[in-house]
Every structure is written in structure tokens, then in C-alpha cells.
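**Student:** take a look and give me a structure for this.
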Amino acid sequence: MKLVQLKEKLDDEKTIKQISEILRPLEFTRLDKLIEIVFETTQDIQSETIDYPEIDSEFEENDKQEYQINEESQNKIEKTSIQSRVNFYEKSLQKIELSLNINLVKKSRIGYQTPDQQKGFVFSISKVYLEKFGTKYWFAFYPKQEKFLSYFKESYVVYSCGSEDNTFLVPLKIIQDEKDNLSTTEKEGKTYWHIHIHERNNNFYLRIPKTNQTVDLEKYRV
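**Tutor:** Here you go, the predicted model:
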């Protein structure tokens, strides 16, 4: 039963496949297989537990001029920051289901699909990061998430910024088209992309660091 519950919490296909194999009736107990599953499960969890980077240092001087905010906006950010301490993952999921008028099927820890298997979703949430001249939300996008989404006719990454009130249903193609221009981190031989979403006057956009361009996310707001 514990292995079944663990399977539902993971989003690594290799680990899920191994768990499926171990759940099948076997003539002998394969201790080495169990050890391998435990090890890779640990690696999977560690890969998702990443220290968020210090983001003030990423702003150049001309960027700082752009992100000046007034006192009213600052108060709003502080309020959102408190709310972001609460896990709003389930609320974000419910918001998408309500918008699509459908109950999504859970396939992994953060991966979902529609019952007809035509649409796939990966959910990501971020707390508020207060900067001296603005507000930012930080996400990581992993190759295994892209691989999961590649199986569907329509694929989306759901980004919830600070609370479920700011949830965006972003087509996978948007991220794929800009991957080469995003910041990356390589850790223990694994690479992931940084997704930086900025808020200005309640408008949200994805910043593309290497081209200094932005992608307006308001059209994808749920």
C-alpha cells in the first residue's frame, strides 16, 4: 500500500515503472530492486527540493528602474507574501478544473491529464519574492516534466503565482520556444530551466533573460 501511495506522489517515469514491476507477483523478493527504487525516489524528491536563488543580484541597473513600485503595491505584495505561506496547490488545481469544467486525472505527483487523455498538465506554484523595485515568482522546469507533457495532444504548464488568484495556463510550446534563452542550473549532472515570472501593476509576464524580452501571460490567466 505504501508503494502505491508513493507511486502517486512521484512524477519520474523510470521510478514509477520500477514500482509497477515490484508490485507484480514475484517468485523471490528482489532486495536489490527495492534498494534501487528507494535510492531513485530519494533523488527524485531531492531534485524537486531546490533552494530558491537570490534574485536581487540578477537585476541590472536598467531593470531596477523598470520595477519601481508605489506604497499601495508594496502593501499588496506584503499581503500576498503572507498568503503564499499556505499551500495553495490544491486550490490551483481546483481552479483549473473549474475553468475547464472537468475533473483531472492524477498521473504523478504534479502531472495530470484529462479523462480522454488528450490534454496534459504539470502544476507549479511559487511564493512571492519581494525585491526592492518589484515582485517576482520563481519556478523550475525539468526535462522529465517536458517528457511527460510530450505524450499529449495539448500540453500545459500551470503556474500559480503567490496564490490561486494568479494562475496561468501556459502552453508547453511557449516554454519550449524560449528554452535556449532561459537561465539554467546543472546539479549533479541534471539540468533544469529557471522560469522567472514578474508582476507589474497586476500584469504578469515571463522574462526571457538572454534576449531581455518578455512574454505577456495575461492572455493565459485562468
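**Student:** all helices for the chain, in order.
**Tutor:** Secondary structure of the chain (DSSP state H): helices at 2-9, 13-23, 31-48, 61-66, 71-83, 89-100, 143-149, 172-178.
**Student:** return the member of those helices having the minimum mean pLDDT.
**Tutor:** Lowest mean pLDDT within the helices of the chain: helix 61-66, at a mean of 37.
**Student:** go through stretch 93-106 and flag the buried ones.
**Tutor:** For stretch 93-106, burial by neighbour count (16 or more other Cβ atoms under 10 Å) applies to Leu93, Lys95, Ile96, Leu104. For the C-beta atoms, the positions are set from N, CA and C on the backbone; glycine is no exception.
**Student:** wait, which of the residues you listed is closest to Pro171?
**Tutor:** Ile96 (13.7 Å; Cβ to Cβ).
**Student:** that closest one touches Phe168, doesn't it?
**Tutor:** No - if you go by Cβ atoms under 8 Å, Ile96 and Phe168 don't touch, sitting 10.2 Å apart.
**Student:** list residues touching both of the two?
**Tutor:** Taking Cβ atoms under 8 Å, 6 or more residues apart in numbering as the criterion, Ile96 and Phe168 both touch Val158, Val222.
**Student:** got the buried residues of stretch 93-106 as a markdown table, with distance to Lys210 columns?
**Tutor:** As requested, those are exported to a markdown table (distance: Cβ to Cβ, whole Å):
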| residue | distance to Lys210 |
| --- | --- |
| Leu93 | 32 |
| Lys95 | 32 |
| Ile96 | 30 |
| Leu104 | 34 |
